[in-house]
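Undergrad: Would you be able to build a 3D model of this:
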Amino acid sequence: MANRNMRNTTKVEALIESCRSEGKWQRVIELTDELKTGSPHNECLANFLVGEARLENYLEENALVAADSTFGRAKSGLGEARRYLNLALGESGQKAGIALDAYLLLAKLCFACGEYEQSLDNFVKAELNTLAEKELTLRSLKILAESYAIKGLCLEQQTSSKPSSKFKKAEKDTEMVCGYHCFNVLNCTIMLRLFQISCFERASDLGLLYLQEYDIVSGNSSSNNSTAGSTLNVNASSVQPSSSSFAISSTIPASGPSGLEVNRRMGAILETALQRAPIVLIKTEKLQEAVERYRIMLNAIETRATQSLRLTLARQLAEVLLRGVSGTIYAPPFAGKSGGGTLRGGSSKKLWKPRKYAARQQFNPRNQQEEVILLLLIAEALAVRDTVLSQSPEFKQARQHAMGNVTAVYDLLTLATVRWGLVQLLNESFEKALKFSFGEQHVWRQYGLSLMAAEKHSHALRVLQESMKLTPSDPLPCLLASRLCYESLETVKQGLDYAHQALKREVKGSLRPSRSQLFVGIGHQQLAIQSNLKSERDACHKLALEALERAVQQDGNDHLAEYYLSLQYALLGQLTEALAHIRFALALRMEHAPCLHLFALLLTASRRPREALGVVDDALHEFPDNLQLLHVKAHLQLHLEDAETALATVQHMLAVWRDVYEAQLAGEEEKHSDTKSGVHLAHSSQMSDKDSNSVYAASLAAVSRVEQALSEAASSLSSFTQRPGPRRPWMLQIEIWLLLADVYMRIDQPNEALNCIHEASQIYPLSHQIMFMRGQIHVYLEQWLDAKQCFLNAVAANPNHIEALRALGETHLILGEPRLAEKMLKDAAKLDPSCPKIWFALGKVMEILGDFHASADCFATSLQLEPSCPVLPFTSIPLVFE
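TA: Predicted structure coming up:
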């Protein structure tokens, strides 16, 4: 930077220059004595070197913090350095070619003392804005980079105070160089921000160039040191500018000689400048320019000093792209000119620009999703590299800091992958994280949630069990495990145990004290639905009602508690109370699809089917893609003898399924569920009424019937191929095909119904629902023996399928087998004692058997139940937790 003739430098001067570049300031002071002894004309140069060495020594020992006590200590500690640097000014300094450097260092000294206006004044005297680009030594590069950074920080301080005349002069000089013409309408604060941005951008460019040159000179390029762990860690919160003060410091002190060298080489000032430029751009609402600045810094060739800084920059850019950039305004990296300067007219040569990565096969993200995922994967790799595996107490601080960096990256990665459906990628990342996350409950909980999202339910439950151990007073992991058992694993008793554990962990004044009580009520309610014994069912219903009433009392504004309490009253046949509570639930949350679903079924149970159809139509305006509501609508239309309209509704359901799931399933590889059979992934319609995936309690004869049913279904397996992707969407499609077959039978088109069953069989031929519907077609065609065999197959595959049991009993009756019919219908009545069709069929059987008293009782029960029977069972509504 200096104008001194380097050809005339002596051996001592060359040695001094080497020590300056390496930061060996004590050695520089020692060599100045030799310099003065060699030639008295070097007195001015010696004064400059001593002043510089004392300044840098002080700043290495004392962090720059904006505080009055710090400023006072700096003024006293830097008095000698100020005196020596002032001696290097004037005509003698000009002749020696060190006046420029002396002014820049004085500006740095004034900044350390809190004298911001004097610092800016020194930059004006040094004519910082008129410097021409040329080759510089390492030390000169660092001085210049820090000068721009300090000027930007001084300008930042001036934004909160009234500019002085000296500052206005510096501002004018900056304006002239940058090509900006300040109009009268331009706000002063905005103008200061623009000058400040220009300084930070130049400082970051020069700082990166300096670090690259340092690695080259020292022979330690980034490619040869990629395995060396960097100890500089930068916390994003430490670079947020304050309106009245600032702080420049490394987040955590580096450990070891290599780390100390890295920190000393970069310095706190350059570290701050590298991060401050995009932050200031964001504050001035120049989001796209901030993104480009991040990209420019990340595209610069990496050095040892920037390895950990790259982690912070990658994480911050990913967060900006996730939170502040929408797809409509997103521009791919380096789509246009990769400038980096914010102020117009600031075209500069490449001598003071950092070198960038460039290769023919270099990957360039094409869209926002690719760029965010790439950034977070890079940040993950950098964060994982710095993790501390040792659990020794002396590494506790380093371990916590490294985990803080990793956790921040994983939180962003969770947001990005869940948003774009890349849950498998998230699972892989968390699996790697477990290697260094011993005792870290946040990572374990996030991993459990990601497994739930990926439908790996059994694995998710084991992870949540570990999370419970890590947080013994937190009810949330217990509630998540309980939901998993209720909703996916079908282990209701285990889920109820977890709900009770959560209830024990609840403390007074918690955020949602009623939620644990609600989960207890849901557990008892599900046990009542699954129970076959009347005494056990009544006891569970009683416990469920008590728990749900307590949940409503603890939180009267919880729509979910009101919803389940209404459902409980509906299951008990108390329709008046059920309607009252569902109306209150809808008042708390009008746009809640399950509440509207239950409300429609309650209206049908109250003999108001047309009102129910109106409710469903209104709900579909809000939820046009809700297959549950469309399913209810189709059944209501069939109930109202409007089969043609029902046909259109079911065809619309197929179109909705394609829109919702076809793109999701296209190209997906097969994923095997580890928890549920394909039959039980579907929770909607009558297909879920007390279905059980266990036949071990059946008799030996029943087991033989299962074998027979499976052997008959095996004929379809030759053309069967497992469908890719999650099974639940395919099970929903089976339901739609079977409903469509039912509608075709209502309009006397059995051949079309058979085609629908064939389509369903291509998805999963072993479904007991398909066997049952095939039997219904045989009943329509009066092929009673074939119908009987189909119903037997369905019951063998699922002994608790109520519709199949009832249809099998009716078929036995038609075939002249009243005793077998009685057995099947009584089994069905035990499973669902509130179904009037079962009691009516049983009444006919008892009449044929000559037991007229029992027959009359059955008919009376059917008449009593029929007015309050909904168009679909209340249990057809899937579980809801939101």
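Undergrad: Point out where the chain drops to low pLDDT.
TA: Within the chain, the segments meeting pLDDT under 70 span 1-9, 38-41, 65-69, 159-192, 219-265, 327, 334-349, 359-361, 508-512, 666-725.
Undergrad: Pick out the residue closest to the middle of it.
TA: Compute the mean C-alpha point of the chain, and by C-alpha atoms, centre = their mean the closest residue is residue 415, 2.0 Å away.
Undergrad: Pull the contacting residues for the spatially closest residue to that one that is not a sequence neighbour.
TA: In this structure, residue 415 finds its nearest non-sequential neighbour in residue 322, 6.1 Å apart by C-beta to C-beta, 6 or more residues apart in numbering. The way it works is simple: take the backbone N, C-alpha and C, and place the C-beta from them, glycine included. Counting by C-beta atoms under 8 Å, 6 or more residues apart in numbering, residue 322 touches 372, 412, 415-416, 419.
Undergrad: So which of these is surrounded by the most neighbours?
TA: Among the contacts of residue 322, the one with the most neighbours (other C-beta atoms under 10 Å) is residue 372, at 26 neighbours.
Undergrad: who's in contact with that one?
TA: Residue 372 neighbours (C-beta under 8 Å, 6+ apart): 318, 321-322, 416.
Undergrad: from those residues, which ones fall inside helices?
TA: With helices defined by DSSP state H, the entries of the contacts of residue 372 inside them are 318, 321-322, 416.
Undergrad: As a markdown table, those with distance to residue 53 would be great.
TA: Below are those laid out as a markdown table (distance: C-beta to C-beta, whole Å):
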| residue | distance to residue 53 |
| --- | --- |
| 318 | 42 |
| 321 | 44 |
| 322 | 46 |
| 416 | 49 |
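Undergrad: picking up where we left off before, which one of the contacts of residue 322 sits closest to residue 209?
TA: Using C-beta to C-beta, residue 372 comes nearest to residue 209 of the contacts of residue 322, at 28.2 Å.
Undergrad: how far out from the middle of the chain is the strand or helix carrying the closest one?
TA: Assessed by DSSP states H and E, residue 372 sits inside helix 368-385. Counting by C-alpha atoms, centre = their mean, to the nearest Å, helix 368-385 is centred 14 Å from the centre of its parent chain.
Undergrad: So for it, what gets flagged as buried?
TA: Going by neighbour count (16 or more other C-beta atoms under 10 Å), the buried part of helix 368-385 is 368-369, 371-380, 382-385.
Undergrad: Kindly report the same for stretch 518-531.
TA: For stretch 518-531, the neighbour count (16+ other C-beta under 10 Å) marks 518-531 as buried.
Undergrad: For it, list the C-alpha coordinates in CSV.
TA: This file holds the C-alpha atoms of stretch 518-531, laid out as CSV (Å, rounded to 0.1, in the frame of the first residue of the first chain):
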residue,chain,number,x,y,z
LEU,A,518,-58.3,-35.6,26.8
PHE,A,519,-55.9,-38.3,25.7
VAL,A,520,-57.0,-40.4,28.7
GLY,A,521,-60.6,-40.0,27.6
ILE,A,522,-59.7,-40.9,24.0
GLY,A,523,-58.0,-44.1,25.2
HIS,A,524,-61.0,-45.2,27.2
GLN,A,525,-63.3,-44.3,24.4
GLN,A,526,-61.3,-46.5,21.9
LEU,A,527,-61.2,-49.4,24.4
ALA,A,528,-65.0,-49.2,24.7
ILE,A,529,-65.4,-49.3,20.9
GLN,A,530,-63.1,-52.3,20.6
SER,A,531,-64.6,-54.2,23.6
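Undergrad: residues making contact with it?
TA: So stretch 518-531 is contacted by 479, 482-483, 486, 492-493, 495-496, 498-500, 502-503, 537-538, 540-541, 543-548, 550-551, 558, 560-561, 564-565, 567-568, 571, 690, 692, 875, 879 (C-beta under 8 Å, 6+ apart).
Undergrad: filter these to the buried ones?
TA: 479, 482-483, 486, 492, 495-496, 498-500, 502-503, 537, 540-541, 543-545, 547-548, 551, 558, 560-561, 564-565, 567-568, 571, 690, 692, 875.
Undergrad: quick revisit: go through the buried residues of helix 368-385 and name the one nearest residue 613.
TA: For the buried residues of helix 368-385, the nearest to residue 613 is residue 369 (41.7 Å; C-beta to C-beta).
Undergrad: Give me the subset of the buried residues of stretch 518-531 that lies in strands.
TA: In this view, the buried residues of stretch 518-531 have no member that belongs to strands under DSSP state E.
Undergrad: now those as TSV including distance to residue 858?
TA: TSV is the format used below for those (distance: C-beta to C-beta, whole Å):
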residue	distance to residue 858
518	38
519	38
520	36
521	33
522	33
523	33
524	30
525	28
526	29
527	28
528	24
529	23
530	25
531	22
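Undergrad: Looking at these, point me to the pair that's furthest apart.
TA: Within these, 518 and 531 form the most distant pair, 20.4 Å apart (C-beta to C-beta).
Undergrad: wait, isn't residue 654 in contact with residue 740?
TA: Yes: under the criterion of C-beta atoms under 8 Å, residue 654 makes contact with residue 740 at 7.4 Å.
Undergrad: more crowded one of those two?
TA: residue 740 (25 against 16).
Undergrad: residues contacting residue 597?
TA: Per C-beta under 8 Å, 6+ apart, neighbours of residue 597: 619, 628-629, 632, 877.
Undergrad: which SSE is it in?
TA: Assigned by DSSP H and E, residue 597 belongs to helix 593-605.
Undergrad: Dump that helix to CSV, keeping only the CA atoms.
TA: What follows is helix 593-605, C-alpha atoms only, in CSV (Å, rounded to 0.1, in the frame of the first residue of the first chain):
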residue,chain,number,x,y,z
ALA,A,593,-63.7,-30.8,9.3
PRO,A,594,-64.1,-33.6,11.9
CYS,A,595,-66.6,-31.4,13.9
LEU,A,596,-68.6,-30.8,10.7
HIS,A,597,-68.4,-34.5,9.9
LEU,A,598,-69.8,-35.5,13.3
PHE,A,599,-72.4,-32.7,13.1
ALA,A,600,-73.7,-34.1,9.8
LEU,A,601,-73.9,-37.7,11.3
LEU,A,602,-75.7,-36.4,14.3
LEU,A,603,-78.3,-34.7,12.1
THR,A,604,-78.9,-37.9,10.2
ALA,A,605,-79.4,-39.7,13.5
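Undergrad: Would you tell me what the next helix or strand after that helix is?
TA: Once the chain leaves helix 593-605, the next helix or strand it forms, by DSSP H and E, is helix 609-622.
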